[in-house]
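# One predicted model, sequence on top.
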2 protein chains.
Amino acid sequence: MEKSEVRSLCEAYRLKGAVTVPEHESKRIIQGYGVSVPRGVLVETVREAVRFAESVGFPVVVKGVSSEILHKTELQAVALDLRSASAVETACREIQSSFSERKVKTEGLLVEKMVLNGTELIAGLQNDPHFGPVIMLGTGGVLIHLLDDVTFRVLPVSRSDLKEMVEELNGKVLLRGFRGRPPLNEEALIRTLLDIARLGMDAAGLYDSMDFNPVLLTQDDAVAVDAKIVLSKTPSESGIQEEKPSIAHLDKFFEPEKVALIGASSATGKIGYVVADSLINHHYKGKVFPVTRGGKEIFGLKSYETLRDVPEKVDLLVVVVGLALVPDLLEQCRELEIPAMLIISGGGKELGGELASLEREIQQKARTYGIRVIGPNCIGCFNGYNRFDAFFQTHERLMRPKPGNISFITQSGTHGCSFLEACEVVGINKMISYGNRADVDEADMIAYLAPDPHTAVIAAYAEGLGDGRKFVQTARRLIEAHKKPIVIYKSGRTTRAAMAAQSHTGAYGGTYAVYRGAFKQSGILAVDSFEALFAASKALSMQPPAAGPKISMIGNGAGPMVNAIDLFDPYALEIAVLEPESVKTMEAHFPAFYISKNPVDVTGSATSDDYRFAMETLLEDPGVDVIMNWFVLQDTPLDEGIVDVLDRINKKSQKPILCGATGGPFTRKISRAIEEIGVPVFDTPHLWITAAKILVDWGAVCKTL
Amino acid sequence: MEKSEVRSLCEAYRLKGAVTVPEHESKRIIQGYGVSVPRGVLVETVREAVRFAESVGFPVVVKGVSSEILHKTELQAVALDLRSASAVETACREIQSSFSERKVKTEGLLVEKMVLNGTELIAGLQNDPHFGPVIMLGTGGVLIHLLDDVTFRVLPVSRSDLKEMVEELNGKVLLRGFRGRPPLNEEALIRTLLDIARLGMDAAGLYDSMDFNPVLLTQDDAVAVDAKIVLSKTPSESGIQEEKPSIAHLDKFFEPEKVALIGASSATGKIGYVVADSLINHHYKGKVFPVTRGGKEIFGLKSYETLRDVPEKVDLLVVVVGLALVPDLLEQCRELEIPAMLIISGGGKELGGELASLEREIQQKARTYGIRVIGPNCIGCFNGYNRFDAFFQTHERLMRPKPGNISFITQSGTHGCSFLEACEVVGINKMISYGNRADVDEADMIAYLAPDPHTAVIAAYAEGLGDGRKFVQTARRLIEAHKKPIVIYKSGRTTRAAMAAQSHTGAYGGTYAVYRGAFKQSGILAVDSFEALFAASKALSMQPPAAGPKISMIGNGAGPMVNAIDLFDPYALEIAVLEPESVKTMEAHFPAFYISKNPVDVTGSATSDDYRFAMETLLEDPGVDVIMNWFVLQDTPLDEGIVDVLDRINKKSQKPILCGATGGPFTRKISRAIEEIGVPVFDTPHLWITAAKILVDWGAVCKTL
């Protein structure tokens, strides 16, 4: 079927007031895209139904067809497994009377040959509010209710995306020789999904969702035995919106030479006071122009009544006054050719109502005038290299870290603060708290950061994405082009999309399922907590990707290694099986009470040199992808010498080295010294393993680049 | 059926060399206990099979019966859904030839009326190596493979234990009006499980496992359509071993007046040196007698050649010499009437072989002589009050915390160190690292700790339990008697029991599933990581149990609250719905840009007094069970005043108050000040929520006491 045909068919039904495309027509459409459907016919009379059933052979299925209803089961409009003419007759009459009782207009009765012995899957398309058209695959039947075993990808998809989707299902075991049965035709499933995906692209903008539930997979074929196309109430003729990121003027937020601070204050405790302090009294070398009503001098700098009074052309406006003043400030920026505005003040769309429209006005003006806006409702930007910051957190309370190679974008200012302080040893390159995201969005920011030579890792925290499609597609392009990892913690996972009630495709898996699939598809590394985000960033910042999932461990205490092994299964990590040679080498070198297998237990008697010997052995072992040391630093004779040992091995190692240690002041002191030579240390087995998992995942992404 | 009858039946089959009790006999047994089974008969000929099928009505099932085989399906010994005489004939012949081809002796053909339309569950009994007889219930059919949806309890069980088991299954939705079907007879299921449990007790010691897979549950009844009793190869006539804890002499490990240190050393760096330092040079006030070959003086104390030379009667021996010397030391202890020995040295059963037998000898001698032994292979004991410790970790490296109300028992010395240092602010009462557990085990230790007036919370870390049954039953009695929480982190979860291959009951859920059920059943609070164990202990140490699961939050930054809400579902917590009055009160008091619903967002503008106002409102709200504050301490105007605010509210609050904050030095300073007034602060949303969950769970346990 041609794209134009499917689009005009959908439009025709919508204009008739239909909620859905009726089943027989939906099936005609997907058949037109190559998907198998059961042999069937739409009839008007019971007699025709029986005649078809007899010709096609029992058992058959009868369904009432209407474009007015969403859920056939509610109307008892489906009768399965009819094995005789009289069963067909009874079923037809029941369906007809159910429709007429409820005064639902019907297009007729769909009689179909029943597909036997298939394994139920569910496939679907959805017009996701954040990602546009997405495809879904899930384990079907009774299982869908219990397993929530679904996976999504953003359209368009490749064959390998679809294969990955199948791999992600727990239910895949049902397809692969389950309980001694022959394997089912997965190739037919992939082909069917490719057809569905093509339909999803062609019809983009015209549907809310399409459900193919179930798709029955047999040894021979994949058959869509039900098909429902839910039409969009607000169709878009143009199909998919593909936005491209813009990095215009983003450098002004990090490298401004001259900054005007609107709302500067000399009253201690005021936000305008702390921001002025951050800009003026610390290590930022640019010129600062305080602007404040009736102000004279702030920290020894002349203060100006209005922006227009500022004697030099500034590149960045930092705004801490009420949002109501911002539209006029944008006018002034236009006039004075100021290209960038950082709005720290809150009180916009997060409060709804009039304030939301004020924020829309700001957005519109900014876009029209080509002025870039970060914020409102944020804590601003930080540049670790030139020390530019406009934080309203004092230096006493918020430590600014040294320069590093991680850049961090965050919707939450709170997490911005936490991340900065966590970076004390590893350092940071650029940090952006972007709050309400009126103009500059996540995709713009990563597009700016990825080519930045100081950035080796991009970390992101988000509760939602402004334009999910733009973000993941930008991310994919950037990862391919720059080979730098992007790691994200997406929170706010349990809110179900408002449209969920309309479509089963949308109701399963929660909203995060779509994000998870989209991240996977584009090579973005996803984590499940803020501490995991920082742990992952630190690991990526300091260590190379892992060549594979085979993990080795060395410890002078077994507990944390036992805890770690409990996480191997859920994290898809493997315990490296050492070469016999490696075991022999260690056995010959170590006392008999050391355990020279993986995990290597060098016991409380371990010295730094014992770790060196074990690490060097594992470094040489081709069966080891990651070397993980746990240190009980409370135990003598292990000592500070471990720092040098790690430094030397780290310099020559191609394999990632990750360390763990938990404890008090002494442990923290040594851990810090280890991090200062470039080897990360984690203080829980969970984060230690999270770091390994991320380096393994990043290694897998790198192989596809 | 009587206990004696089932026991002699099992014994009779075992003596005949049977692996299993044949199916028809297994069914006769469970029927004798009240469990429904399908109508059926054991026949020898095909003709008899057909005759029975015709009399009972189609469809029927035919199974080949043999006590020589474990898995009928491997022999194609089962034919389901036979709908005609000829189908029965064919099936019988196929089964017979399959048996004779493989030369398997058969007891005949079991023909049964097929049970239709039941929902599949799996029930079972298992002789668990740690807990003795346990009962299992799971979602059956195809689902069991995908869901691993099983739950266990230790026998004997109460009706309410069984009801809890059903509640724990995800598959319970299948029983309760699934997809518009009428609800199934759960009462029949409970009754059946009670019958099975009774059988499990009566036959204890004689079976490895019993599988009832599936049990079909209908609207009317629960029917065990398959039954397999796998006989024990090492039957125990006495049935269940019920060990009682012994606390004899355990006080000597914490309150010794005179201690002899065997292996004291004056050579820096030696374990015997550090232990001597710990005992002699710090705050422990007891008398210490160093014993060492050729030793003269250690830290100014006279050193003795042998234990016999020690001039006074000591109450505790601390041993850091090789284990080979311990049997003789035990002889000396017996002679000198020394009741307790702490063996720090390793080199016992953890290394296997001869060393394991040496450890067994130590165990035997200790038990025979009534000398209590903690260790070997541990870091020893600590008493926060009298400062007794014999750690081989120096004070420079391992901080000893102040006295507190948490007591901690740990199999891992590493986690012992970590826990102690984590307790810097909350303090600790007693800590025991018990290593290989040659004599004193977990149950003995908790039995000693629970009545201790200084102990309010018992925390435990274990990789395995010496005697799981003894532990959970002791724990249950102690919780009932003393109303003190016991919280445990059990690691080493993924090792599958060696017997798993023999029995489906043992193969699902991993070994932790049994522990999880046993902990739940006895009111023990279980957590999933070391950091969660400490977070839970801290919360229980400082705050009262929660009256229910309704959580309220207050924050001056939204991010961590959003993260927390993502955890409400998996942790079975609820977002408290505030009384309209509470919302009104806050709206009237706060600026318009604060959000006065739960979670209460007091924004970056919050003062300490804003928190006070919100907390006092929530304190009065009957819909709130737990008050949780998140602090962004980097933000002004929130200040140190929050400590006083919390102190005042905490003193009058019946509801638990839990705080969270993440950050650098300033945040840590204020967090510490808050903990010092008795309100716990957690540095990740995850631990903050874990603490709430534990107080909710503990509240639920308290209601049953």
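Nice, I can see it.
# residue contacts, A:Ile627?
Neighbouring residues of A:Ile627 by Cβ atoms under 8 Å, 6 or more residues apart in numbering or on different chains: A:Ser552, A:Ile554, A:Met615, A:Leu618, A:Leu619, A:Ser653, A:Lys655, A:Pro656, A:Ile657, A:Leu658. Where you see a C-beta, it was placed from the backbone N, CA and C, and this is true even at glycine.
# now whatever helix or strand it lives in, how far from the centre of its chain.
Secondary structure assigned from DSSP states H and E places A:Ile627 in strand A:626-630. Computed by Cα atoms, centre = their mean, to the nearest Å, the separation of strand A:626-630 from the middle of its chain amounts to 28 Å.
# Let me see the mean pLDDT of the lengthiest helix in chain A.
In chain A, ranked by residue count with DSSP state H as the criterion, the top helix is helix A:685-703. Helix A:685-703 shows a mean pLDDT of 98.
# ok, now stretch A:213-226?
95.
# list the buried ones in that stretch?
For stretch A:213-226, the buried set under the neighbour-count rule, 16 or more other Cβ atoms under 10 Å in any protein chain shown, comprises A:Asn213, A:Pro214, A:Val215, A:Leu216, A:Leu217, A:Thr218, A:Asp221, A:Ala222, A:Val223, A:Ala224, A:Val225, A:Asp226.
# what's across from the fifth one in the sheet?
The reference is to A:Leu217. Going by DSSP bridges, A:Leu217 is paired in beta bridges with A:Thr119, A:Ala222.
# so what's it up against?
Listed by Cβ under 8 Å, 6+ apart, the contact partners of A:Leu217 are A:Gly118, A:Thr119, A:Leu121, A:Leu175, A:Leu184, A:Asn185, A:Glu186, A:Ala188, A:Leu189.
# Domain-wise, how is chain A divided?
According to automatic domain parsing, chain A comprises the domains A:116-241, A:250-539, A:545-703.
# Just give me how far the first one sits from the chain centre.
Same thing as domain A:116-241. On the basis of Cα atoms, centre = their mean, domain A:116-241 sits 20 Å off its chain's mean C-alpha point.
# Just the buried positions in stretch A:95-111, please.
For stretch A:95-111, burial by neighbour count (16+ other Cβ under 10 Å) applies to A:Ile95, A:Gln96, A:Ser98, A:Phe99, A:Thr106, A:Glu107, A:Gly108, A:Leu109, A:Leu110, A:Val111.
# which outside residues touch the one helix or strand the last one maps to?
Assessed by DSSP H and E, A:Val111 sits inside strand A:108-113. Contacts to strand A:108-113, defined as Cβ under 8 Å, 6+ apart, come from residues A:23-24, A:38-44, A:46, A:48-49, A:52-53, A:56-57, A:60-65, A:88, A:92, A:95-96, A:225.
# average pLDDT for it?
Averaged over strand A:108-113, pLDDT sits at 95.
# Neighbouring strands - and their directions - for it?
strand A:40-43 (antiparallel), strand A:60-65 (antiparallel).
# Quick check: which of these is buried the most?
Most buried of the strands paired with strand A:108-113 by mean neighbour count (mean count of other Cβ atoms under 10 Å in any protein chain shown) is strand A:60-65; its value is a mean of 24.
# Could I get the CA-only coordinates of that strand as CSV?
What follows is strand A:60-65, C-alpha atoms only, in CSV (Å, rounded to 0.1, in the frame of the first residue of the first chain):
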residue,chain,number,x,y,z
VAL,A,60,-13.7,-19.5,13.2
VAL,A,61,-14.0,-16.2,15.0
VAL,A,62,-16.8,-13.7,14.7
LYS,A,63,-16.4,-10.0,15.6
GLY,A,64,-18.7,-7.1,15.5
VAL,A,65,-17.1,-4.2,13.6
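# what about A:Lys584, which SS state?
helix (DSSP: H, G, I helix; E, B strand; the rest coil).
# burial count for it?
Neighbours of A:Lys584 under the rule other Cβ atoms under 10 Å in any protein chain shown: 13.
# State the helix or strand in which A:Leu533 lies.
Assigned by DSSP H and E, A:Leu533 belongs to helix A:530-542.
# Report all helices and strands that that helix contacts.
Of the remaining helices and strands, those touching helix A:530-542 by 3 or more Cβ pairs under 8 Å, 6 or more residues apart in numbering or on different chains; DSSP states H and E are strand A:406-410, helix A:413-422, strand A:457-462, strand A:486-490, strand A:525-527, helix A:685-703, helix B:559-565.
# The same query, at a cut-off of 7 Å, please.
Packing partners of helix A:530-542 (3 or more Cβ pairs under 7 Å, 6 or more residues apart in numbering or on different chains; DSSP states H and E): helix A:413-422, strand A:457-462, strand A:486-490, strand A:525-527, helix A:685-703.
# contacting residues around the next helix or strand after that helix?
Per DSSP H and E, helix A:530-542 leads on to strand A:550-555 as the next helix or strand towards the C-terminus. Here strand A:550-555 makes contact (Cβ atoms under 7 Å, 6 or more residues apart in numbering or on different chains) with A:561, A:564, A:573-576, A:598-602, A:611, A:614-615, A:618, A:623-630, A:692.
# Strand partners (parallel or antiparallel) of strand A:550-555?
strand A:574-575 (parallel), strand A:600-601 (parallel), strand A:626-630 (parallel).
# after the second one comes which helix or strand?
Going down the chain from strand A:600-601, the next helix or strand is helix A:608-620, by DSSP H and E.
# what residues does that next one touch?
Contact partners of helix A:608-620, identified using Cβ under 7 Å, 6+ apart, comprise A:552, A:554, A:582, A:585-586, A:589-590, A:600, A:602, A:624, A:627, A:629, A:638-639, A:641-642, A:645, A:649, A:653, A:655.
# quick one: average confidence on that helix?
Helix A:608-620 comes out at a mean pLDDT of 98.
# Quick one: work out the angle between that helix and strand A:626-630.
Per axes from the mean of the first three to the mean of the last three Cα atoms, to 10 degrees, the angle that helix A:608-620 makes with strand A:626-630 is 160 degrees.
# can you give me the helices for the stretch 251-400 of chain A?
Ranges of helices in the stretch 251-400 of chain A, per DSSP state H, counting those that start in this stretch, are A:271-280, A:326-336, A:353-369.
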